[in-house]
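Asker: Here you go, sequence then predicted model.
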Amino acid sequence: EKQEEDAPGPDELACRSRAAALRSAAVLICVAGLATQAVAHVLRLAASRAAELEADRAAAEAFGADALQSALVKIHRGAEDHDDLRSSGLGATLAHAMISNGLSGAPPSSPADDAPAASPARAGAAASQSGGRGLDRWIDRQLDRVIRLASTHPPLHVRIAELAHFDGGSTVQT
């Protein structure tokens, strides 16, 4: 008799089952909400990069593509000369939102300028090129892709290439 009293009845089992289902649904809703926010954030950043390119086109119409290309290169070079902000912890954290990718070790118009120099991917890429394994290079490429997704501005070489198309192919020497 004692065991029968301690055993849960059908109503209690149904209640426990409903509670477990509600907990599972709540977790799924939270995960879906976080995923939706992440996708929305990536879309906002993509819109920001597209808006930068559109602003470049508008400035090129107003002032000429050559002038804007020259200004972008000067901004980039100025960022190379002043690395104090990027070398701080907060500056490195916010580097993806800066107008220039700063120190990259590559000429401003090269495709290697896709990611901020302060990124772990840039440091790892150099190590990978000097004898690292294929997996290290793959990880570095994936990190670079994530960094590009988190950037609010297109890389300098992309902006200059867009302006070159806009202005009939002339580009500023970097």
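Answerer: Arrived safely.
Asker: Check the gap between V39 and A46 for me.
Answerer: Plainly put, V39 is 11 Å away from A46 if you go by Cβ to Cβ, to the nearest Å. Quick note: C-beta positions are derived from backbone N, CA and C, even for glycine.
Asker: Also K74?
Answerer: When K74 is compared with A46 (using Cβ to Cβ), they lie 27 Å apart.
Asker: ok, then the element right after the helix or strand of the chain with the lowest mean pLDDT?
Answerer: Least confident helix or strand of the chain, by mean pLDDT, DSSP states H and E, is helix 120-129 with a mean of 47. Proceeding N to C from helix 120-129, the next assigned helix or strand is helix 134-149, under DSSP states H and E.
Asker: Using PDB, write out every CA atom in the helix or strand that comes right after that next one.
Answerer: Using DSSP H and E, the next helix or strand after helix 134-149 towards the C-terminus is helix 156-166. Extracted C-alpha coordinates of helix 156-166, given in PDB (Å, rounded to 0.1, in the frame of the first residue of the first chain):
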ATOM      1  CA  LEU A 156      39.600  49.900 -48.600                       C
ATOM      2  CA  HIS A 157      40.400  47.900 -51.700                       C
ATOM      3  CA  VAL A 158      36.700  47.200 -52.200                       C
ATOM      4  CA  ARG A 159      35.800  50.900 -51.900                       C
ATOM      5  CA  ILE A 160      38.500  52.000 -54.300                       C
ATOM      6  CA  ALA A 161      37.500  49.200 -56.800                       C
ATOM      7  CA  GLU A 162      33.900  50.400 -56.600                       C
ATOM      8  CA  LEU A 163      35.000  54.000 -57.200                       C
ATOM      9  CA  ALA A 164      37.100  52.900 -60.200                       C
ATOM     10  CA  HIS A 165      34.100  51.300 -61.800                       C
ATOM     11  CA  PHE A 166      32.100  54.500 -61.100                       C
END
